[in-house]
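> I'd like to go over a predicted model; first the sequence, then the structure.
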Amino acid sequence: MPEMPELEIIRRSLEPNIKGKRIMNVQLLLKRQIKWPSPEDFIARLAGHVITGLDRRGKYLLLQMDNNVSLVFHLRMTGQACYFPPGVEPVGHVRILFPLDDGGIFAYADTRTLGTIYAMHNDELWRIKGLAELGPEPLSDDFTVAYLRSILAGKKTRIKSFLLNQAYIAGLGNIYVDEALFLSGIHPMRTAGSVTPEEAEKLYININKVISDGINDGGTTFRDYRDGNGEKGSHQQNLFAYGRDGKPCRKCGTIMEKIRVGGRGTHFCPSCQQLNKG
DNA sequence: CACCAGACCTGTCCGC
DNA sequence: TGCGGACAGGTCTGGT
């Protein structure tokens, strides 16, 4: 479900409600979603401790605790991290409850239960491979045109799959990749190495644009995504490619198509994004 | 290394 | 109405 814009909105919306609050106890309704450490140790590392800060890296949400422990969430497809004020009962597919010292509850919910949760000492965060190997993020100083050109060079993998690889660029997912490729006029089946330096510059600008627009719209809610207060985003109203198959292209009017690339549903305009280009 | 199917899960939608 | 299959915002593993 959530990509970088959604995780960033979740982080921002949770912060005023849970930062500085103490976790009174931990109720594991579905233990198998805890990937590290054991359920008993997970509870021991968190219960009674204060949440001192909230960070995000790629699609990971990290709650910093007062005992040098990070409570790490990866929401996968349907995970939700939400604050319920005092007197409001958590609803939905709740898997873990963290009652707080203000009488409210920080809850993790997840329909498909694919999400992964860790309570790591900060010096053992490297054990989370996906987190340790993340590439630079859109909108950050580390993400530059030169960097993008350098990682594209010579790659034979298709550009769509390439952009979904979190080790190259952190935070892009299926929606925002389709959007960035559409705005850049690049067919998703082209090889990464075929993207010209000029196209790479467009792609760089548009990756930053779609991520930034997604954040400004409060994220994209197709079905499950909600922010830390249970609110939907609105960026689904401003998409150009994702979910628009069968509809006219917003640039040229050609009927948009949907294909499968690397096992993922992929939306594009056959006129604006031509395969033989490049 | 590239690439794909399958696995992990539940829910929804579509066609018959 | 019921059932089977495909599909869903993600990532990892194991096979060819």
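That came in fine, so what should we check first?

> check whether the strand or helix carrying A:Thr52 comes near DNA strand C.
Using DSSP states H and E, A:Thr52 sits in strand A:51-57. No. Applying Cβ under 7 Å from any atom of the strand, one finds strand A:51-57 separated from DNA strand C by no less than 10.5 Å. Where you see a C-beta, it was placed from the backbone N, CA and C, and this is true even at glycine.

> contacts for that strand?
Identification of contacts with strand A:51-57 by Cβ atoms under 8 Å, 6 or more residues apart in numbering yields A:4, A:7-8, A:11, A:14-15, A:18-23, A:61-66, A:71, A:131, A:134, A:137, A:170.

> direction included, what does that strand pair against?
strand A:60-65 (antiparallel) (DSSP bridges).

> for the helix or strand just after the strand it pairs with, which helices and strands make contact with it?
Scanning forward in sequence from strand A:60-65 by DSSP H and E, the next helix or strand is strand A:69-74. Strand A:69-74 sits against helix A:39-46, strand A:60-65, strand A:116-121, with contacts defined as 3 or more Cβ pairs under 8 Å, 6 or more residues apart in numbering; DSSP states H and E.

> in the stretch 1-150 of chain A, what residue is nearest DNA strand B?
A:Arg112 (3.1 Å; Cβ to the nearest atom of the strand).

> ok, that residue touching A:Arg95?
No. A:Arg112 lies out of contact with A:Arg95 (Cβ atoms under 8 Å); the separation is 10.7 Å.

> the two: which is more packed in?
A:Arg95 (23 against 12; other Cβ atoms under 10 Å).

> what residues does the more buried one make contact with?
Per Cβ under 8 Å, 6+ apart, neighbours of A:Arg95: A:Leu28, A:Leu29, A:Leu30, A:Gln33, A:Tyr108, A:Ala109, A:Asp110, A:Thr113, A:Gly115.

> what about the residue in the stretch 151-278 of chain A that DNA strand B sits nearest to, distance to DNA strand C?
Taking Cβ to the nearest atom of the strand, DNA strand B has its nearest neighbour within the stretch 151-278 of chain A at A:Thr157, 3.2 Å off. For A:Thr157, the distance to DNA strand C (Cβ to the nearest atom of the strand, to the nearest Å) stands at 13 Å.

> which residues touch A:Lys232?
A:Gly218, A:Thr221, A:Tyr225, A:Arg226.

> quick one: the strands in the stretch 151-278 of chain A?
A:257-261, A:264-268 (DSSP state E, counting those that start in this stretch).

> if we can go back for a sec, need the helices and strands packed on strand A:69-74 in CSV (columns: distance to DNA strand C).
As requested, the helices and strands packed on strand A:69-74 are arranged in CSV below (distance: least, Cβ to the nearest atom of the strand, whole Å):
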stretch, distance to DNA strand C
helix A:39-46, 19
strand A:60-65, 8
strand A:116-121, 8
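
> right, and these - which one's nearest A:Pro90?
strand A:116-121 (15.9 Å; Cβ to Cβ).

> which strands and helices sit next to the next helix or strand after the closest one?
Counting by DSSP H and E, the element after strand A:116-121 in chain order, helix or strand, is helix A:129-132. For helix A:129-132, not one helix or strand is in contact under the criterion 3+ Cβ pairs under 8 Å, 6+ apart.

> buried residues in helix A:129-132, which are they?
Residues of helix A:129-132 classed as buried: A:Leu131 (neighbour count, 16 or more other Cβ atoms under 10 Å).
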